[in-house]
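[1] Build me a model:
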Amino acid sequence: SPLHPTPEGSTHEENETPPITLIIKDWRDSTFLKLQIITCFMVMFFIGMTSQTIGSLIPLITLYYKISASTISLIFISQLCGNLISALIIELVHKVVGRLGVLILGNLCIIMMSLINIFKPPIWLFVMSYGVAGLGMGLLGGCMNVFISSLKSHNELMGILHGCFGIGGIVLPVIINKVLEWSFNDFGIHYLIMSWVGLLVCCCVLGSFWKEDGSKYEYEISVLRDDQTFQDNSLKNILKNKVVCWFALYLFFCTGSESSIGSWLVNYLDNAKQFDQSSANFIMTFFWIGITTGRIILGFITSKLFQNEYRANLVYTTMSLLIILIFTTINLITTMNQTLTILMIFIEGLFIGPLFPTMSVTLMKLLPIETQVNAMGVVSSLGGTGFTIGPFLIGMMIQLTGLETFPIHVSMLLLGSFITWLIIPRICDLKF
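    I've put the predicted structure just below:
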């Protein structure tokens, strides 16, 4: 028998196909939807912790396995491969097991990585385990970005969602320091704790998304799409979409600049500007605080100050480029004191922070419902390669031109994001 949406609490005959419950998109009117949103925040916090783990453990892992930094970089390549695979399968997984299955599978991938690394496996297995984690993070990110973007107050919610990622990154180093101090540098204990956190997140997902199966997902698509404007959502056709490709390019520049600052700033301040190690790390913390603050605070004012998300992101991109150019110019002439450096780095993070979530909302508004999951998966995966490729490219350029030129290369990445965002409406025939 056909599937019919029914309000929560309604009954049906035992011999009939259970009806599908469609939750209202305004979270203010649904306690159940509020629980789902809070769960998404928890999942993104967990992703932030997972992403920052390897960065915080690099010195210890290098010492334990007696490997070079170039071997460590294979972990990021492995994670990238997993992320790309997620773009290929995310739509299929949604159709088969729904949002519930996607969120559970994504968390299980991260838990599997943690369980493997508890036992300090051979380095090849350690590297491969992060490919599984990359697959999980890709599935989780694609699912939650589309889900949150479809709700009321999406700008504010997307800001908080991606802010939770930053909070996870800020909290994780503190946790690792305490764990390593307590366990005498046994990093396996940290992965054990991460697996427990992952299991807790899975329980929350089960409790709040248990109605979100594949049947409900397909029915929502059939109800919400406009049949006259239906588009083929195959990966081949998604890649032919100019909007998707240009948004992926924009995200590549954004993620490349963000991760490059995160990867090279401490080294730059320590070796090129003669800050001591503790001061450089202290300044780096303010970059992540700026990113988290920008994603949360600016998310709340985007819809109030700007006509649409495109124009808001144009201002944020322009400001992030302007700040890094000022930072670069001053540091090519002289060396900033610590207070001014902290202020500049914080403001830079403040405007880089909202670029990804605001871009996601803009993209979701441009795409028909049946292409959103696949398109967001492709944009996140292809554009997200900037997280790995950006620091690698800047590292190669630094080898050629010297560490002092680091801010110039970051400026070039942000200039690329500014130019891309500026020409998207003209190239893609869009009006904002």
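[2] In which helix or strand does the residue most central in space within the chain reside?
    Nearest to the geometric centre of the chain sits residue 141, at 6.1 Å (CA atoms, centre = their mean). Using DSSP states H and E, residue 141 maps to helix 123-149.
[3] ok, then the element right after that helix?
    Following helix 123-149 in sequence, per DSSP H and E, is helix 154-183.
[4] in that next one, what's buried?
    154-170, 172-173, 175-176, 179-180 (16 or more other CB atoms under 10 Å). Just so you know, the C-beta spots here come from the backbone N, C-alpha and C atoms, and that holds for glycine as well.
[5] Might you report the residue contacts of residue 147?
    Neighbouring residues of residue 147 by CB atoms under 8 Å, 6 or more residues apart in numbering: 36, 40, 99.
[6] Just to check, residue 208 is in contact with residue 39?
    Yes. Counting by CB atoms under 8 Å, residue 208 does reach residue 39; the two are 4.5 Å apart.
[7] which residues do those two both contact?
    With CB under 8 Å, 6+ apart as the test, residue 208 and residue 39 reach no residue in common.
[8] So residue 251: helix, strand or coil?
    Secondary structure, DSSP: H, G, I helix; E, B strand; the rest coil: residue 251 is helix.
[9] isn't it right next to residue 387, touching?
    No. Judged on CB under 8 Å, residue 251 makes no contact with residue 387 at a distance of 9.8 Å.
[10] ok, these two, which is more surrounded?
    A count of neighbours by other CB atoms under 10 Å puts residue 251 above the other of residue 251 and residue 387, at 26 against 23.
[11] what ranges of the protein fall below the confidence cut-off?
    The model of the chain has pLDDT under 70 over residues 1-26, 69-70, 223-235, 277, 370, 432.
[12] hmm, 50 instead?
    1-15, 17, 227-228 (pLDDT under 50).
[13] what about the longest helix in it?
    Criterion DSSP state H: the longest helix present in the chain is helix 69-118.
[14] just how off-centre is it within its chain?
    13 Å (CA atoms, centre = their mean, to the nearest Å).
[15] Check stretch 119-135 too.
    On CA atoms, centre = their mean, the centre of stretch 119-135 falls 20 Å from that of its chain.
[16] Pull out the buried positions in that stretch.
    Residues 120, 123, 126-135 are the ones in stretch 119-135 that count as buried (16+ other CB under 10 Å).
[17] Pull the residues that contact that stretch.
    50, 54, 61, 64-65, 67, 71, 74-76, 78-83, 85-86, 106, 109-110, 112-113, 116-117, 187-188.
[18] Could you tell me which of those residues count as buried?
    50, 54, 61, 64, 74-76, 78-83, 85-86, 106, 109-110, 112-113, 116-117, 187.
[19] still on that earlier bit, what about the residue nearest to the centre of the chain, distance to residue 298?
    20 Å (CB to CB, to the nearest Å).
[20] Residue 310 too?
    Counting by CB to CB - residue 310 and residue 298 are separated by 15 Å.
[21] The two: which is more packed in?
    When residue 310 and residue 298 are compared for neighbours, residue 298 comes out ahead with 24 against 21, by other CB under 10 Å.
[22] you'd agree the more buried one is up against residue 350?
    Yes. With contacts counted by CB under 8 Å, residue 298 reaches residue 350, the gap being 7.5 Å.
[23] Give me the distance between stretch 303-322 and the centre of its chain.
    Per CA atoms, centre = their mean, the centroid offset for stretch 303-322 relative to its chain is 19 Å.
[24] From residue 302, how far off is the residue nearest to residue 141 when sequence neighbours are not counted?
    Spatial nearest neighbour of residue 141, chain neighbours left out: residue 380 (5.5 Å); criterion: CB to CB, 6 or more residues apart in numbering. According to CB to CB, residue 380 stands 20 Å off from residue 302.
[25] Just the CA trace of stretch 108-117, in PDB.
    Presented in PDB, the C-alpha positions along stretch 108-117 are these (Å, rounded to 0.1, in the frame of the first residue of the first chain):
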ATOM      1  CA  LEU A 108      30.800   3.600  13.500                       C
ATOM      2  CA  CYS A 109      33.600   4.400  11.000                       C
ATOM      3  CA  ILE A 110      35.200   6.800  13.500                       C
ATOM      4  CA  ILE A 111      34.700   4.300  16.300                       C
ATOM      5  CA  MET A 112      36.400   1.600  14.200                       C
ATOM      6  CA  MET A 113      39.400   3.800  13.700                       C
ATOM      7  CA  SER A 114      39.600   4.500  17.400                       C
ATOM      8  CA  LEU A 115      39.300   0.800  18.300                       C
ATOM      9  CA  ILE A 116      42.100  -0.100  15.800                       C
ATOM     10  CA  ASN A 117      44.400   2.500  17.200                       C
END
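[26] Use 785 as the first number for this chain going forward.
    Understood, numbering begins at 785; the last thing we discussed is stretch 892-901.
[27] Contacts for it, please.
    830-831, 834, 866, 909-910, 913-914, 916-917, 919-921, 923, 971-972, 975-976, 978-979, 982-983, 986.
[28] Stretch 883-891 now?
    Outside stretch 883-891, the residues that reach it (CB under 8 Å, 6+ apart) are 827, 830, 874, 877-878, 881, 919-924, 926-928, 931, 982, 985-986, 989-990, 993-998, 1001.
[29] Give the buried subset of these as a ChimeraX selection command.
    Buried subset of those, written as a ChimeraX selection, criterion 16+ other CB under 10 Å:
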select :827,830,874,877,878,881,919,920,921,922,923,924,926,927,928,931,982,985,986,989,993,995,996,997,998,1001
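[30] for residue 1214, phi and psi?
    Note on residue 1214: backbone dihedrals following degrees, to the nearest 10 are phi -110, psi 150.
[31] give me the number of residues near it?
    Residue 1214 has 14 nearby residues by other CB under 10 Å.
[32] Look up the closest residue to residue 1151, ignoring the ones flanking it.
    residue 1159 (5.3 Å).
[33] what's the answer for residue 1120, then?
    Nearest non-adjacent residue to residue 1120 (CB to CB, 6+ apart): residue 1114, at 5.8 Å.
[34] burial of the one you found, as a residue count?
    For residue 1114, using other CB under 10 Å, the count is 15.
[35] And for residue 1165?
    Residue 1165 has 24 nearby residues by other CB under 10 Å.
[36] where does the residue nearest to residue 1151 land in three-state SS?
    helix.
[37] Now do the same contact list for it.
    For residue 1159, counting by CB under 8 Å, 6+ apart, the contacting residues are 1017, 1022, 1025, 1028, 1147, 1151.
[38] for residue 922, same thing?
    Contacts of residue 922 by CB under 8 Å, 6+ apart are 866-871, 874, 890, 1161, 1164-1165, 1168.
[39] Looking at these, which is nearest residue 1040?
    Taking CB to CB as the measure, residue 1040 lies nearest residue 1168 of the contacts of residue 922, at 9.8 Å.
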